[in-house]
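# Predicted model and sequence below, questions to follow.
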Amino acid sequence: MTAFLLPLLLAQAAAAQASGRAAPHPQSPTEIVAVAPATDWVAIAPDDLLVMDVAPGPAGASRRIVIQLIAAPFARPWVANVRRLAAAHWWDGTSINRVQDNYVAQWGDATEKKPLPSGLAAASERDYAIDTAALAAGERTVGPADVYAPATFFYRSWPVGAEGQGQGAAWPVHCYGMVGVGRDVSPNTGTGAELYAVIGHAPRHLDRNIALVGRVIEGIEHLSSLPRGTLGLGFYDRAEQRVAIVRIRLASELPTSEQPRFSYLSTSSATWARYAAARANRQDAFFIRPAGAADICNLPVPIRRLR
């Protein structure tokens with residue numbers, strides 16, 4: 001994708017120089033997104049948002065994290081469970097129990113004794129990936145070359161690794177902010193009651209080993225700034241170190257006036273193509289040399305809050 005756009009940008013600059021015209025100032029990724037037409041933005045349904053309120057910070061400020069659930073058909077059984085757990089208010093009174101530096105922040109029932117709601121779906125390891133043929137071809141946008149997967153693409157704004165662009169298995173990838181399902185050793189696949197968010201360098205080695213159910217689109221600073229746990233894997237040593245979860249709700253369960261509204265930049269849009277090219281080929285004033293490439297996790301999909 002981006003490899004074809006850099007020569008185009010350079011050719012345009014050369015043509016301007018040959019004609020005696022000043023080459024246009026290259027737009028930064030932020031500038032490109034700022035002028036995206038309304039038709040390039042896709043609203044996120046309230047039923048696809050998890051609103052997570054945790055105990056106030058040291059200065060008494062409220063702390064809210066908003067998570068967008070991943071698009072179907074990815075992670076169907078786990079996403080169904082997350083919806084059921086939220087509807088049952090199961091996470092109320094649980095806590096953030098693990099914060100591992102440059103890795104994840106994890107939450108759930110620290111006692112592992114709280115009964116789960118009935119009707120949770122069973123998932124298998126086969127569900128970590130799906131057949132690419134199940135994804136609408138018109139909503140797949142080719143991504144950059146990758147060392148963890150033979151191919152990458154974006155599907156309805158989600159970063160995906162795959163065995164090929166039009167065939168074989170496809171799976172969501174562990175980028176910063178992605179939310180996954182904690183589990184025990186194989187063949188356990190987790191229920192969705194234990195969740196984590198990536199707060200460090202993209203741990204792509206987890207791809208296809210753990211289910212991904214969403215991404216944090218607002219408030220990740222309330223997770224990434226927490227004190228690191230001192231036990232193995234970053235678990236907190238004492239109960240008082242844990243951060244209490246006040247409530248987790250689907251936004252659709254909140255009163256209409258309280259429902260947050262967000263939209264994402266369509267990865268099938270012309271604006272996205274320009275944005276991705278600019279991310280890979282930075283030519284704004286600060287940069288000396290464009291990289292000419294971008295990892296799929298270095299192409300974060302722009303999200304904007306509507307209210």
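Now that the structure is in, tell me what you want to look at.
# When you work out contacts or count neighbours from here on, use the C-alpha atoms and nothing else.
Will do.
# the strands in the stretch 201-307 of the chain, which residues?
Counting by DSSP state E, counting those that start in this stretch, one finds strands in the stretch 201-307 of the chain at the ranges 212-218, 243-250, 262-265, 303-305.
# And the contacts of stretch 106-117?
Applying C-alpha atoms under 8 Å, 6 or more residues apart in numbering, the external contacts of stretch 106-117 come out as 84-85, 88, 90-91, 94-99, 182, 193-197.
# rerun that using 7 Å as the cut-off
85, 88, 91, 94-99, 193-197 (C-alpha atoms under 7 Å, 6 or more residues apart in numbering).
# ok, now stretch 36-48?
With C-alpha under 7 Å, 6+ apart as the test, stretch 36-48 has contacts from 68-69, 250-252, 262-266, 269, 271.
# Make a markdown table out of the residues you listed and add neighbour count, distance to Arg305 and pLDDT.
What follows is these, written out as a markdown table (neighbours: other C-alpha atoms under 10 Å; distance: C-alpha to C-alpha, whole Å; pLDDT from 0 to 100):
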| residue | neighbour count | distance to Arg305 | pLDDT |
| --- | --- | --- | --- |
| Gln68 | 23 | 12 | 99 |
| Leu69 | 25 | 16 | 99 |
| Leu250 | 25 | 17 | 99 |
| Ala251 | 22 | 14 | 99 |
| Ser252 | 17 | 16 | 99 |
| Phe262 | 21 | 4 | 99 |
| Ser263 | 16 | 7 | 99 |
| Tyr264 | 18 | 9 | 99 |
| Leu265 | 24 | 12 | 99 |
| Ser266 | 24 | 15 | 98 |
| Ser269 | 17 | 19 | 98 |
| Thr271 | 21 | 18 | 98 |
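# returning to that earlier point: so of the strands of the stretch 201-307 of the chain, which one's packed in deepest?
Greatest average neighbour count among the strands of the stretch 201-307 of the chain goes to strand 212-218 (a mean of 24), per mean count of other C-alpha atoms under 10 Å.
# In its sheet, which strands sit next to that one, and in what direction?
Here strand 212-218 has these sheet partners by DSSP bridges: strand 63-69 (antiparallel), strand 178-181 (antiparallel).
# Who are the packing partners of the next helix or strand after the longest one?
This means strand 63-69. Scanning forward in sequence from strand 63-69 by DSSP states H and E, the next helix or strand is helix 76-87. Judged by 3 or more C-alpha pairs under 7 Å, 6 or more residues apart in numbering; DSSP states H and E, helix 76-87 is in contact with strand 243-250.
# any idea of the angle the strand it packs on forms with helix 76-87?
110 degrees (axes from the mean of the first three to the mean of the last three C-alpha atoms, to 10 degrees).
# Distance from the chain centre to strand 243-250, please.
19 Å (C-alpha atoms, centre = their mean, to the nearest Å).
# could you dump that strand to PDB, C-alpha only?
Output of strand 243-250 as PDB, limited to C-alpha atoms (Å, rounded to 0.1, in the frame of the first residue of the first chain):
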ATOM      1  CA  VAL A 243      -7.600  -0.600  41.500                       C
ATOM      2  CA  ALA A 244     -11.300  -1.100  42.100                       C
ATOM      3  CA  ILE A 245     -13.600  -1.400  39.200                       C
ATOM      4  CA  VAL A 246     -16.800   0.600  39.900                       C
ATOM      5  CA  ARG A 247     -18.700  -0.600  36.900                       C
ATOM      6  CA  ILE A 248     -18.400  -1.800  33.400                       C
ATOM      7  CA  ARG A 249     -21.400  -1.300  31.100                       C
ATOM      8  CA  LEU A 250     -22.300  -1.500  27.400                       C
END
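# Show residues contacting it.
47, 49-55, 86-87, 89, 91-96.
# coming back round to it: highest average neighbour count across the strands paired with strand 212-218?
Counting by mean count of other C-alpha under 10 Å, strand 178-181 has the highest mean neighbour count of these, with a mean of 24.
# what sits up against that strand?
Outside strand 178-181, the residues that touch it by C-alpha under 7 Å, 6+ apart are 190, 192, 194-198, 210-216.
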